[in-house]
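**Student:** Fold the stuff below for me.
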Amino acid sequence: MPPGPRLSLLFEWFAADQRIRTLVERAMADVALRPDEYAVYSVLFDEGSKTPTDLARRAGMPPTTMSHYVRAMLQRGHAVRETVPTDRRSYRLRLTSEGLAAHAAASRAFREAHDRFIDALEIDQDEARITLRAVAAAAAVAGSKLNADSMEAAG
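**Tutor:** Here you go, the predicted structure:
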């Protein structure tokens, strides 16, 4: 993409995010899971059962947002709650066979977007992954500082 006016890095990130969302939404238009739902299911599929708090942390979203995904997964029968033996008040989510089937169907569509994206990517995947993790960490730190400053100003 040719360079344009120098807008903020956050704007460039926003624009890239919009393009990626459009790519994935087009590829997944005919499957039962939305791309954001597929991402949440993928954490459980790839990493095994998790508490909702751990799942929210891993997906980079607030626990209150994750609660909507958890509720939908349970209502669809795509996940079940498993008691955590060390803390009876807590539970882990595990995908059911129906959840695994939904994930598999969505995975085929997602793979199409992923493969086209990787083919078009002009930098090494590992480099991109390192950069993405650095950006995510910077966003988390900046968000925490913004929250702390907001609380201090309100206090």
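**Student:** Domains in the chain, by residue range?
**Tutor:** According to automatic domain parsing, the chain comprises the domains 31-120, 124-155.
**Student:** need the next SSE after the helix or strand encompassing R19, C-terminal direction.
**Tutor:** Using DSSP states H and E, R19 sits in helix 9-27. Once the chain leaves helix 9-27, the next helix or strand it forms, by DSSP H and E, is helix 35-47.
**Student:** got the contact list for that following helix?
**Tutor:** Outside helix 35-47, the residues that touch it by CB atoms under 8 Å, 6 or more residues apart in numbering are 21, 24-25, 28, 31, 33, 50, 55, 58-59, 66, 69, 72-73, 78-79, 93-95, 99-100, 102-103, 106-107, 110. Heads up, the C-betas are built off the backbone N, CA and C, glycines and all.
**Student:** What's the PyMOL syntax to select whichever of those residues are buried?
**Tutor:** The PyMOL selection below is limited to those of the contacts of helix 35-47 classed as buried (16 or more other CB atoms under 10 Å):
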select buried, resi 24+28+31+33+50+55+58+59+66+69+73+78+79+93+95+99+100+102+103+106+107+110
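**Student:** Direction-wise, compare the helix or strand where D149 lies with helix 9-27 and give the angle.
**Tutor:** Taking DSSP H and E as the criterion, D149 maps to helix 125-154. Here helix 125-154 runs at an angle of 120 degrees relative to helix 9-27 (axes from the mean of the first three to the mean of the last three CA atoms, to 10 degrees).
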